[in-house]
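Q: Output the structure for:
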Amino acid sequence: MPVRAAVWDLGSSSFQVLVCDAGPCGTLEPVMRRRALLNLGFAVGARGSIPADRLAASIAAATRLRRALDEVQPDVVVALATAAIRDASNGPEVVARLERVVGTPVRVLGGEEEARLCFGGQRAGVWIGKGPVLGLDLGGGSFEVAVGNAGDVMLAMSAPVGATRLQGELATGDPLSESDRSAIKTRTVDALVPVRSALADYRGVTARTVVSGGTARALARLAMARTRGKASGRASEVNQVELPTGQVGELASLLAVLDLRERLALPGMPSRRAPMLPIGAAILETFAHELGVDHFVVSEWGLREGALLDAIAHR
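A: All right, here's what the predicted structure looks like:
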């Protein structure tokens, strides 16, 4: 009998609940997926804490998600909080309030632990070969970096750079100005200094670089629409799509000069990603340049799937 497992991802851009039936050999069959867009990372970037109105919205969203979760009766439930709650000065208060609604303890992930779970999802979702390979996950409040292979994770680290966080921290405009793009690049380059140092011990690892997160999926869908004429389709269609870094740079330059209305008109643009995608694309372009990545391999699986597989393995 499959195990029905659920994960709460209390993230910097959104709260999400994913429920899957887990079978043998690491298979995950989605049963339910719900999300609520909250952009807590913006508030943390702008003021360092989650204000009362955003906390109230978070509680309301979690209450709705909990009702949906109760209908599918999972056997295993894990709840994870990531960068926004991890870094907010009032994070412990937020966690205490959320736990009363979620009904299970909320684990506030450290950056290294988050990177390990992301890589666990990535290597289960795409072919990585014998490795080692580089795994990147770009979220709303942080990015995670891991080096690993099919059996081990040799390096795991995190840095507080993400699209919603930088929008709040830098007060970027729409469209992005040249000074906005410069500031995003500077923040990202600074955050990558310890990453570059750590990766020096893993020569050639960027030859296969796997990337997960909403920014990467959205850019892959835009790229497919531009090159293959596919303007729509399920998000799963981008799994294992290769994104040349030159194409990432072209998309970053295009998105930076379009306003929201113009971005929404682009074929393949996911509407919920349109507000933050110019910043996310600029961050990913900087990753490629600074780390010497020739192309990215997009993984549809990341933190949530990695957390489910981990929870089931330790059940």
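Q: Okay, now the unreliable bits of the stretch 151-300 of the chain?
A: Applying pLDDT under 70 to the stretch 151-300 of the chain flags the ranges 230-236.
Q: give the contact list for A218.
A: 269-270, 273, 277, 280 (Cβ atoms under 8 Å, 6 or more residues apart in numbering). Yep, even glycine has a C-beta here, placed from its N, CA and C like the rest.
Q: Nearest spatial neighbour of it, chain-adjacent residues omitted?
A: R273 (4.1 Å; Cβ to Cβ, 6 or more residues apart in numbering).
Q: before we move on, back to that, show the buried residues in the contacts of A218.
A: 269, 273, 277, 280 (16 or more other Cβ atoms under 10 Å).
Q: from those residues, which two are the most distant?
A: M269 and G280 (12.8 Å; Cβ to Cβ).
Q: Against G48, how distant is R116?
A: Noted for R116: a distance of 27 Å to G48, by Cβ to Cβ, to the nearest Å.
Q: go on, N39?
A: From N39 to G48 the distance is 15 Å (Cβ to Cβ).
Q: And for V17?
A: V17 is 27 Å from G48, by Cβ to Cβ.
Q: Report how many residues lie close to the spatially closest residue to D294 that is not a sequence neighbour.
A: Of all residues not flanking D294 in the chain, T245 sits nearest, at 6.2 Å (Cβ to Cβ, 6+ apart). Neighbour count for T245, taken as other Cβ atoms under 10 Å: 19.
Q: Spell out which residues sit in contact with the closest residue in space to E99 that isn't next to it in sequence, please.
A: Spatially, and ignoring its direct neighbours in sequence, E99 is nearest to V106 (5.2 Å; Cβ to Cβ, 6+ apart). Contact partners of V106, counting by Cβ under 8 Å, 6+ apart, are 8, 10, 79-81, 95, 98-99.
Q: what separates the helix or strand hosting L98 from the chain centre, distance-wise?
A: Using DSSP states H and E, L98 sits in helix 91-102. For helix 91-102, the distance from its own C-alpha centre to the chain's C-alpha centre is 22 Å (Cα atoms, centre = their mean, to the nearest Å).
Q: Can you list the strands that the helix or strand that that helix is followed by pairs with?
A: Per DSSP H and E, the first helix or strand lying C-terminal to helix 91-102 is strand 106-108. When sheet partners are counted by DSSP bridges, strand 106-108 sits next to strand 76-81 (parallel).
Q: For the partner strand, give me every contacting residue.
A: With Cβ under 8 Å, 6+ apart, strand 76-81 has contacts from 3-11, 69, 91, 94-95, 98-99, 102-109, 117, 303, 307-308, 311-312, 315.
Q: tilt between that strand and helix 91-102?
A: 150 degrees (axes from the mean of the first three to the mean of the last three Cα atoms, to 10 degrees).
Q: Next secondary structure after strand 76-81?
A: helix 83-87.
Q: helices or strands next to that following helix in the packing?
A: Packing partners of helix 83-87 (3 or more Cβ pairs under 8 Å, 6 or more residues apart in numbering; DSSP states H and E): helix 40-47, helix 91-102, helix 111-125, helix 163-170.
Q: Rebuild the ones you listed as CSV, extending it with mean neighbour count and distance to G141.
A: Formatted as CSV, the helices and strands packed on helix 83-87 follow (neighbours: other Cβ atoms under 10 Å; distance: least, Cβ to Cβ, whole Å):
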stretch, mean neighbour count, distance to G141
helix 40-47, 25, 4
helix 91-102, 16, 12
helix 111-125, 25, 10
helix 163-170, 26, 5
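Q: I'd like to know which of those is closest to E285.
A: Nearest of these (Cβ to Cβ): helix 163-170, 12.5 Å.
Q: just to revisit the earlier point, next, the angle helix 40-47 makes with the helix holding L98.
A: Using the same axes, to 10 degrees: helix 91-102 against helix 40-47 is 160 degrees.
Q: Neighbour count: N39 and G48, which is higher?
A: Taking other Cβ under 10 Å, N39 and G48 do not tie; N39 has more neighbours (24 against 13).
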